[in-house]
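Participant: Here is my input; please provide its structure:
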Amino acid sequence: MSISAATSAAQEVLAQMREIQSESRKTPRISISDGVEKGSSFMDHMKSGINEVNEMQKKADTMAMDVASGKSENLHETMLATTQAEISFNLMVQLRNRALEAYQEVMRMPV
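Facilitator: Reported below is the predicted structural model:
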């Protein structure tokens, strides 16, 4: 492989990486605190977070069905949505586990 061919291949890979980076910046960042008013209760925060996770799961499922049925060929975005939904769900489960552990600890305290 000549130097010019290697440089050309490197330029092509760099262009693809820049395109992927620009596409990833278009995707809105996820924050559980988005849309929650100040002074909201813990229960309001939990409901909001659960609703966001549910919406992400629905979106990922719809995108996967579109790819599977041939309506869409955007596998990259589908995999990103699926991974984001999975991570969000895992975070929600960990929060539930921590809240349950805290409740059990309070219940073990002598009165």
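Participant: Low-confidence stretches in the chain?
Facilitator: 1-2, 5-6, 24-25, 27-39 (pLDDT under 70).
Participant: Give me the longest helix you can find in it.
Facilitator: For the chain, the helix with the greatest residue count under DSSP state H is helix 75-108.
Participant: Centre of the chain to it, how far?
Facilitator: Mean C-alpha position of helix 75-108 versus that of the full chain (CA atoms, centre = their mean, to the nearest Å) differs by 11 Å.
Participant: Look at residue 110 and give its secondary structure.
Facilitator: coil (DSSP: H, G, I helix; E, B strand; the rest coil).
Participant: likewise residue 71?
Facilitator: coil.
Participant: List the residues that contact it.
Facilitator: If a contact means CB atoms under 8 Å, 6 or more residues apart in numbering, then residue 71 has no contacts. C-betas here are computed from N, CA, C, even on glycine.
Participant: Give me the phi and psi for it.
Facilitator: phi -70, psi -30 (degrees, to the nearest 10).
Participant: Roughly how far does it sit from residue 80?
Facilitator: As judged by CB to CB, to the nearest Å, residue 71 and residue 80 stand 18 Å apart.
Participant: tell me which strands and helices the longest helix of the chain is in contact with?
Facilitator: helix 3-26, helix 42-69 (3 or more CB pairs under 8 Å, 6 or more residues apart in numbering; DSSP states H and E).
Participant: Pipe these into TSV and attach mean neighbour count and distance to residue 85 per row.
Facilitator: Shown next, in TSV, are the helices and strands packed on helix 75-108 (neighbours: other CB atoms under 10 Å; distance: least, CB to CB, whole Å):
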stretch	mean neighbour count	distance to residue 85
helix 3-26	10	16
helix 42-69	14	4
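Participant: Nearest the middle, which residue of this structure would you pick?
Facilitator: The structure's the chain has its C-alpha centroid closest to residue 84; by CA atoms, centre = their mean the separation is 2.1 Å.
Participant: Residue 90 versus residue 83, what's the distance?
Facilitator: In terms of CB to CB, residue 83 sits 11 Å off from residue 90.
Participant: Pull up the overlap in contacts between the two.
Facilitator: With CB under 8 Å, 6+ apart as the test, residue 83 and residue 90 reach no residue in common.
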